[in-house]
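[1] please find the sequence and the predicted model below.
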Amino acid sequence: MGKYFGTDGFRGEANKDLTFEHAVKIGRFLGWYYGKRLNKKAKVVIGKDTRRSSYMFEYALCTGLTASGADAYIMHVTTTPSVSYIARTDDFDCGIMISASHNPFYDNGIKIVNSNGEKMDEETLLRIEEYLDGEVEIPMAEREEIGCTVDYAAGRNRYIGYLIGLSKYSFKNIKVGIDAANGSAWQIAKSVFDAIGAKTYVINAEPDGLNINKDCGSTHIEHLQKFVVENGLNIGFAYDGDADRCLCVDEKGNVVTGDHILYIYGLYMKERGKLLNNKVVTTVMSNFGLYKALDAVGIEYEKTKVGDKYVYENMVKNGHRIGGEQSGHIIFSKYATTGDGILTSLKLMEVMLAKKKPMSELAAPVKFYPQVLKNVKVKSKPEAQNDPDVLAAVEAAAEALGDNGRILVRESGTEPVIRVMVEAGSDETCEKYVDDVIEVIRSKGHLI
């Protein structure tokens, strides 16, 4: 990770960590870089979520892009996966999404994708950072070389059409609940489900610029759980602010996580001979219960670092077809290059209709193991994690847990913190082994 760009873009509090000036300069660099590299006027597509500051950053990016000679195509309020889709299908040099995902309204972020709709490569991001730090000078466009802005709401509509076209079944008479998180999906999701015939019931679809993710969406799924049960719905879907992730609620009000989704659709693919390499890609934070369920049906799996970026890289490198995170970032490589909450919803509906089973029955084989995760602040993350005594304590815990649990110790990517996590058959067992490892870290003097 660089100075400004992390695994999911440049993110921070608007006009404090991520400023108007940052956005102008990012636009300036991208407009110049692609125009110079390709020896033509660059074309960049931009989308945004519903945060109040997203409008400011949209105008700032357009200012920078056009000043460097690029044309900026504006999709307005739309989802992250729609920007990715349009960037790769409509011949754009790159795409930009303005969003801080599931963060509160006062944060914002700038995510950049390449012409294939994939997260921008590290080399290009580092070059943007050099320009942000004043290490590079670039010229202004002049006269007829100055760029323009183009209203591109048509791109959003084309994405909606793409999603509708993916459905293999009519959703007629199926009652679907949607929690749009007062974010990017607030209009798009209902349009898709209505077009496929569902009886669509939507909550948290009244964005005011300040209420995105506020006590709603995938980070507060308890409201959708109640809504599904009280209204007798067949299923519910909750999205985050930019709708690149999806959590599900079954007809009984139970939460269906990203781990459940990987199992349900992975098994569906295997049964139809579509699961290439017989593998599902997970992150190290997937629950032990997922791996036990996959073992039971003979499906293999990969484990990556936390972050959908690493999941996608593994999928591309090894030719895998499905991967994701427990949080609901699910990637279907045949259809998208990023997590897509609405697409994930459609794929779950497909399994439910194809198998003629309720979601509760499809998710039942994945039985989550109790988990305890504790964060400890340390003086040096590498020294604490690689201490021989700490490694020995972790190994002892893993040996004691055997096939009935697991331990994971990892560094935080953003804080001076070591995370110690244990999954096992009981909360007491989890607590014991987490505390055993933390006690060794403490006794060796690593704590702050």
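    Sure thing, it's come through.

[2] neighbouring contacts of the helix ranked longest in the chain?
    Across the chain, the longest stretch assigned as helix under DSSP state H is helix 20-38. Contact with helix 20-38 is made by 4, 10, 41-42, 44, 56-57, 60-70, 72, 93-94, 96, 110, 112, 124, 127-128, 131-132, 136, 138-139, 141, 147, as judged by Cβ atoms under 8 Å, 6 or more residues apart in numbering. The C-beta positions use only the backbone N, C-alpha and C, and glycine is treated the same way.

[3] which residues in the stretch 51-200 of the chain form strands?
    71-77, 94-98, 107-114, 149-151, 175-179, 199-203 (DSSP state E, counting those that start in this stretch).

[4] highest average neighbour count across the ones you listed?
    Of all the strands of the stretch 51-200 of the chain, strand 94-98 carries the top mean neighbour count, a mean of 28, counting by mean count of other Cβ atoms under 10 Å.

[5] so what touches it?
    Here strand 94-98 makes contact (Cβ under 8 Å, 6+ apart) with 9, 26, 30, 34, 44-49, 51, 54, 57-58, 61, 80, 83-84, 86-87, 108-115, 117, 120, 242.

[6] and it, which strands flank it?
    Here strand 94-98 is paired, per DSSP bridges, with strand 43-48 (parallel), strand 107-114 (antiparallel).

[7] which of the ones you listed sits closest to residue 289?
    Proximity to residue 289 (Cβ to Cβ) singles out strand 107-114 among those, at 31.3 Å.

[8] three-state assignment of the nearest residue to residue 368 once chain neighbours are set aside?
    Distances taken as Cβ to Cβ, 6 or more residues apart in numbering put residue 289 closest to residue 368, at 4.6 Å, once the chain neighbours are dropped. Judged by DSSP: H, G, I helix; E, B strand; the rest coil, the three-state class of residue 289 is helix.

[9] what's the spacing between residue 80 and residue 111?
    As defined by Cβ to Cβ, to the nearest Å, residue 80 lies at a distance of 7 Å from residue 111.

[10] what residues are shared contacts of the two?
    97, 99.

[11] sorry, back to before: please indicate which of the contacts of strand 94-98 are buried?
    9, 26, 30, 34, 44-49, 51, 54, 57-58, 61, 80, 83-84, 86-87, 108-115, 117, 120, 242 (16 or more other Cβ atoms under 10 Å).

[12] about what we covered before: turn the strands paired with strand 94-98 into CSV, including mean pLDDT and distance to residue 272.
    Below are those laid out as CSV (pLDDT from 0 to 100; distance: least, Cβ to Cβ, whole Å):
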stretch, mean pLDDT, distance to residue 272
strand 43-48, 98, 33
strand 107-114, 97, 30
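
[13] any chance of those strands in a markdown table with distance to residue 391 as columns?
    Converted to a markdown table, the strands paired with strand 94-98 look like this (distance: least, Cβ to Cβ, whole Å):
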| stretch | distance to residue 391 |
| --- | --- |
| strand 43-48 | 45 |
| strand 107-114 | 36 |
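
[14] which one of these lies nearest to residue 275?
    Distance to residue 275, taken as Cβ to Cβ, is lowest for strand 107-114 among the strands paired with strand 94-98, at 26.6 Å.

[15] with just CA atoms, put that closest one into CSV.
    Presented in CSV, the C-alpha positions along strand 107-114 are these (Å, rounded to 0.1, in the frame of the first residue of the first chain):
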residue,chain,number,x,y,z
ASP,A,107,-15.8,10.1,5.0
ASN,A,108,-15.3,9.7,1.3
GLY,A,109,-13.0,8.0,-1.1
ILE,A,110,-11.7,7.8,-4.6
LYS,A,111,-11.4,4.4,-6.2
ILE,A,112,-9.8,4.1,-9.6
VAL,A,113,-10.2,1.2,-12.1
ASN,A,114,-8.4,0.5,-15.3
